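Trainee: Kindly generate the corresponding structure for this input.
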Amino acid sequence: MHLSKICLRGVLALLIVVLFNHHARAQDWTQWRGPNRDGHVNAFTEPSAWPDSLKSIWRINAGVGLSSPVVANGKIYLLTRDGEDEVVSCYLIADGRRIWQQRYPASFIANPQAIRPDLFPASKGKGPFATPVVHGGRLYTLGVDRVLSCFDAESGKLKWRHQYIKQFVPEKLVYECPPCGCKLDGQEFDNPGKCSDCGMDFGVKGLETSAKDVGNYYGAAASPIIDGKIGIVNVGGQDAGEVIAFDASNGKERWRWSGPSPSSSSPIIAELHGVRQVIVLTRESVAGIALANGRQLWSYAIESNAQIVTPIVFEDLVIFSAYRSPTTAIRIQKNGATWSVEKAWSINDVTLYTSTPVLIGDKLYGLSYTKRGQFFCLDARAGTLLWASEGRQAEGAAIVNSDNVIFALTNEAKLVAFAKTEAAYQLVAQYEVASSPTWAHPILFEKKILVKDESKLMLWSLE
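Mentor: Below you'll find the model as predicted:
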């Protein structure tokens, strides 16, 4: 064969590999809220004309839970529950075919308030909740009872596993109706059952109650994060929370910060005043912890005990919110070796319960819990509301930023696309994407949308 033809074939083969790897990287969504943990999509192509409905590509039964899928190199990774086991699975994104699966025992008794058939009909408060991380050819998962596992992403082989603070279960279980204001609130029962007044399932009473009486603990929900060779998990129990840094290669602990009981908010890593730090929202505070050694740099006390939203950093501001609490920005300052915090602004008209907004420039777009769900646009520097939609949009939504529109996957399985504008709420398109609640984050790439409801995984197309 002529040498030029051999060279041409070699070049074509190399080009195919490069294009494939670029395509795989473009659609990668490797952790909670995406590659940069900010809800921004890089590989989605908006249609020239929005269709009336989506086209189903494939749909599979994938296991129950609220943990979001992640994608790397054309594969989907998912943490779910099957009975008393937690299950880690890998699928091909092209056709939903399963590549490998691992499982391990993970019994867990859910908080009575989490057993809500209207919101969590399949998982019933047992999770799992935390989204996995793919990094350096490995998959890291954090189960509901604080089981941290590391798998080889290609083969599924377990590399190592640790458990932090196993749930304490007393010999005799006492049951109660989830506090809801019905006639049987406060009464105790010897056996599981259903409340004759409100119809809700009884839950086990008193497991992992906080030392400061802020309510029962719900299990690990904060998604882990990997930064270079260091991993971070936010775990804890009834007495205190623990932010733990571990070696990503072997799981060995590097440092540990002890603070208030953990919330369900996932930590982030950001650089403020030249110092890389873990920013964590606990049940009593928001704090900055030096990534290098775990030393607390600053802390700001908060009153609400239901924190789910991931903090957002904008310039020297840390923006956060909690259940029925105003959205607040605190300014982090540093003078020499001394750190200080002051409130920059707070807005009662926007309260973020389960929905983390996206920051685009100096504007925040998201879903406020006010009036049973309002989409909004907020000036992140001044804390002023630019617009809010009508109410009753949804109780929660995962917010994703694309080139020209913002997507919101509501807990009621509606995929809403609205315009990226500072003038007013403008609906672009809306689609039904599942038949059960959708609490997991969607993944958008090309003209496709990957959705996980409580038990199914499905891929949709806009063309």
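Trainee: Going along the chain, name the helices of the protein.
Mentor: Ranges of helices within the chain are 3-26, based on DSSP state H.
Trainee: D227 touches L291, doesn't it?
Mentor: Yes: counting by C-beta atoms under 8 Å, L291 is a contact partner of D227 at 6.7 Å. Backbone N, C-alpha and C define where each C-beta goes, glycine included.
Trainee: Poorly predicted segments of the stretch 201-350 of the chain, please.
Mentor: 206-217, 238, 305 (pLDDT under 70).
Trainee: give me the beta-bridge partners of the nearest residue to Y300 once chain neighbours are set aside?
Mentor: Nearest non-adjacent residue to Y300, counting by C-beta to C-beta, 6 or more residues apart in numbering: V341, 4.7 Å away. Here V341 sits in beta bridges with I332, going by DSSP bridges.
Trainee: Please tell me I have it right and V341 contacts A301.
Mentor: No: counting by C-beta under 8 Å, V341 stays clear of A301, with 9.6 Å between them.
Trainee: shared neighbours of D227 and L291, anything?
Mentor: Common contacts of D227 and L291 (C-beta atoms under 8 Å, 6 or more residues apart in numbering): 269, 276.
Trainee: Give me the more crowded residue out of those two.
Mentor: Legend: neighbour count by other C-beta atoms under 10 Å for D227 and L291, higher for L291 (21 against 14).
Trainee: Report the spatially closest residue to that one, excluding sequence-adjacent ones.
Mentor: R276 (4.4 Å).
Trainee: How many neighbouring residues does that neighbour have?
Mentor: There are 14 residues near R276, going by other C-beta under 10 Å.
Trainee: quick one on the thing from earlier: between V341 and A301, which has more neighbouring residues?
Mentor: Comparing V341 with A301 by other C-beta under 10 Å, the one with more neighbours is V341, at 18 against 11.
Trainee: what's the spacing between that one and T356?
Mentor: 21 Å (C-beta to C-beta, to the nearest Å).
Trainee: With F202 instead?
Mentor: According to C-beta to C-beta, F202 and T356 sit 32 Å apart.
Trainee: Tell me, how many residues neighbour A153?
Mentor: Counted with other C-beta under 10 Å, A153 comes out at 23.
Trainee: And I302, by the same measure?
Mentor: By other C-beta under 10 Å, neighbour count at I302 equals 21.
Trainee: surely R256 meets E242?
Mentor: Yes: with contact defined as C-beta under 8 Å, R256 and E242 form a contacting pair (5.7 Å).
Trainee: And those two? Which one has more around it.
Mentor: Between R256 and E242, E242 has the larger neighbour count (other C-beta under 10 Å), namely 19 against 12.
Trainee: The more buried one pairs with what?
Mentor: Beta-bridge partners, per DSSP bridges, of E242: V235, S258.
Trainee: my read: it touches V235, true?
Mentor: Yes: using C-beta under 8 Å, E242 is in contact with V235, at 5.5 Å.
Trainee: Would you mind listing the residues in contact with K229?
Mentor: The contact partners of K229, by C-beta under 8 Å, 6+ apart, come to 247-249.
Trainee: one more time with 6 Å
Mentor: By C-beta atoms under 6 Å, 6 or more residues apart in numbering, the contact set of K229 is A248.
Trainee: Next: V286.
Mentor: Counted by C-beta under 6 Å, 6+ apart, V286 has contacts 300, 320.
Trainee: Against G237, how distant is it?
Mentor: Distance, V286 to G237, by C-beta to C-beta: 20 Å.
Trainee: now A440
Mentor: 25 Å.
Trainee: do the same with A408
Mentor: Separation of A408 from G237 (C-beta to C-beta): 33 Å.
Trainee: same deal with S304?
Mentor: Distance, S304 to G237, using C-beta to C-beta: 20 Å.
Trainee: between those two, who's got more neighbours?
Mentor: G237 (21 against 17).
Trainee: nearest residue to the more buried one other than its sequence neighbours?
Mentor: Using C-beta to C-beta, 6+ apart, the nearest residue to G237 is I165, at 4.5 Å.
Trainee: which ones are touching Q307?
Mentor: 263, 265, 281, 322.
Trainee: So which of those sit within strands?
Mentor: L281 (DSSP state E).
Trainee: Separate out the buried members of the contacts of Q307.
Mentor: 263, 265, 281, 322 (16 or more other C-beta atoms under 10 Å).
Trainee: Identify the spatial nearest neighbour of the second one, chain neighbours not counted.
Mentor: Across the structure, with C-beta to C-beta, 6+ apart as the measure, the residue nearest S265 apart from its sequence neighbours is L281 (3.8 Å).
Trainee: same thing with K252?
Mentor: Nearest residue to K252 in three dimensions, chain neighbours excluded: F246, at 6.4 Å (C-beta to C-beta, 6+ apart).
Trainee: Run a quick neighbour tally on that neighbour.
Mentor: 24.
Trainee: Next: I115.
Mentor: For I115, the neighbour count with other C-beta under 10 Å is 20.
Trainee: Equivalent analysis for V233, please.
Mentor: Look at V233: counted by other C-beta under 10 Å, it has 24 neighbours.
Trainee: how close does N36 get to E390?
Mentor: 32 Å.
Trainee: can I assume V134 is in contact with G74?
Mentor: No: V134 lies out of contact with G74 (C-beta atoms under 6 Å); the separation is 11.9 Å.
Trainee: So which of those two has more stuff around it?
Mentor: V134 (22 against 14).
Trainee: can you pull up the bridge partners for the more buried one?
Mentor: L139.
Trainee: need the contact list for it.
Mentor: 30, 70, 72, 153.
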